[in-house]
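Enquirer: Predicted model and sequence follow; I will ask about them next.
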Amino acid sequence: MGGEIVTRAFYPLPLFPTVSVTGTRCMLTCPYCRGTLLRGMPSADTPRALDRLLTALESSGALGVQLSGGFTAQGRLPLEGMLGVVGAHSGRLYVIAHDFLVDREEAARMRAAGIRRVDFPLTLNPEVLGVRGLKASPRIVEESFEALLDKGPSPVPHVLVGELAGKPSGEEDAIRYAAELGVDLVVIIVFTPLPGTPWAGAAPPTSSRVMEILRIARKLLPGEVALGCMRPREVREKVDVEAVEEGLVDRIVAPSPRIRRLERYAACCSVDSASLPMFRLPVE
């Protein structure tokens with residue numbers, strides 16, 4: 001990318017919360033999560049509950065929402081029965097979904113309901129797919145991603161550094177694939193050991209490994225690079241300042257307080273660039 005990099009800071013809470021549409025249920029077996037991440041999310045696992053929650057969010061001044069939750073055994077977020085409710089609220093809330101292995105018909109229904117973006121956990125590594133508990137090939141991942149590009153909301157690849165218990169996990173291949181398709185934004189996140197999970201004792205990737213991936217992303221990607229919300233404290237402390245100073249990231253979620261003079265937004269970092277002004281926070 002040419003020209004000076006302007007880094008934007010993103011603070012999703014409280015105006016852009018994440019909601020689980022499955023409660024704490026998930027059919028996958030990702031050993032770095034096992035449903036742990038779902039426990040802290042507001043739950044709305046029926047259309048009626050989702051309608052009530054989205055109405056309450058609108059009344060409280062929320063600007064957007066990310067629809068997340070556990071995946072089915074086929075690697076999908078079970079949104080099918082929820083899309084009518086989503087459509088009733090998407091004119092007032094900027095809606096992002098966290099989804100994965102969708103087909104073209106589902107992608108089209110999501111777009112018709114007013115979902116704007118899909119946070120897509122991109123990997124082309126068969127070992128990673130197996131660890132997630134999926135019987136899916138890298139080609140199925142590509143078909144799902146391309147279905148969203150063609151018929152659905154714009155997918156935003158999320159590349160998890162160190163998904164295999166902190167070890168290299170094919171991140172470079174995922175970034176190259178995203179670059180070939182010319183996506184406008186890729187979010188880099190970092191494996192974070194969580195208490196109560198099988199990989200609670202694993203070490204996260206080193207800061208130098210995270211910086212290596214960010215440099216590859218900056219070199220290859222035609223669009224923006226974000227450093228997302230999942231990253232362990234030690235990575236946040238060591239990487240944030242260096243990544244911003246080196247011009248490796250355009251966006252960063254809840255950055256280190258040592259970083260100053262950032263544009264600030266009350267949103268998920270996946271929001272498209274044209275919509276950012278509606279989320280801009282006053283200069284501190």
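Expert: Thanks, I have it. Numbers count the residues shown, from 1 in each chain.

Enquirer: For the stretch 1-150 of the chain, just list every one of the strands.
Expert: Assigned by DSSP state E, counting those that start in this stretch, the stretch 1-150 of the chain shows strands spanning 8-10, 18-20, 64-68, 94-98, 117-121.

Enquirer: where does Val186 land in three-state SS?
Expert: Judged by DSSP: H, G, I helix; E, B strand; the rest coil, the three-state class of Val186 is strand.

Enquirer: who does it bridge with?
Expert: Under DSSP bridges, the beta-bridge partners of Val186 are Val225.

Enquirer: close enough to count as contact, it and Val156?
Expert: Yes: between Val186 and Val156 there is a contact at 7.4 Å, judged by C-beta atoms under 8 Å. All C-beta atoms are positioned from the backbone trio N, CA, C, and that covers glycine.

Enquirer: Which one's more surrounded, these two?
Expert: Val156 (28 against 23; other C-beta atoms under 10 Å).

Enquirer: Where does the prediction get shaky in this structure?
Expert: 1-5 (pLDDT under 70).

Enquirer: Point me to the residue sitting closest to the centre of it.
Expert: Asp119 (4.2 Å; C-alpha atoms, centre = their mean).

Enquirer: related to what we said a few turns ago, got the strands of the stretch 1-150 of the chain as CSV, with distance to Gly247 columns?
Expert: Formatted as CSV, the strands of the stretch 1-150 of the chain follow (distance: least, C-beta to C-beta, whole Å):
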stretch, distance to Gly247
strand 8-10, 13
strand 18-20, 29
strand 64-68, 28
strand 94-98, 26
strand 117-121, 24
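
Enquirer: could you pull out the helices for this protein?
Expert: Assigned by DSSP state H, the chain shows helices spanning 47-59, 83-89, 104-112, 126-131, 138-151, 171-180, 207-220, 233-245.

Enquirer: Tabulate those (JSON lines), appending distance to Leu276 and mean neighbour count.
Expert: Putting the helices of the chain into JSON lines (distance: least, C-beta to C-beta, whole Å; neighbours: other C-beta atoms under 10 Å) gives the following:
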{"stretch": "helix 47-59", "distance to Leu276": "20", "mean neighbour count": "16"}
{"stretch": "helix 83-89", "distance to Leu276": "21", "mean neighbour count": "18"}
{"stretch": "helix 104-112", "distance to Leu276": "20", "mean neighbour count": "18"}
{"stretch": "helix 126-131", "distance to Leu276": "31", "mean neighbour count": "16"}
{"stretch": "helix 138-151", "distance to Leu276": "21", "mean neighbour count": "18"}
{"stretch": "helix 171-180", "distance to Leu276": "21", "mean neighbour count": "19"}
{"stretch": "helix 207-220", "distance to Leu276": "20", "mean neighbour count": "18"}
{"stretch": "helix 233-245", "distance to Leu276": "18", "mean neighbour count": "17"}
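
Enquirer: Redo those helices as TSV? Include distance to Glu163.
Expert: Converted to TSV, the helices of the chain look like this (distance: least, C-beta to C-beta, whole Å):
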stretch	distance to Glu163
helix 47-59	29
helix 83-89	29
helix 104-112	24
helix 126-131	5
helix 138-151	13
helix 171-180	8
helix 207-220	12
helix 233-245	14
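
Enquirer: so which of those gets nearest Val283?
Expert: helix 233-245 (17.2 Å; C-beta to C-beta).
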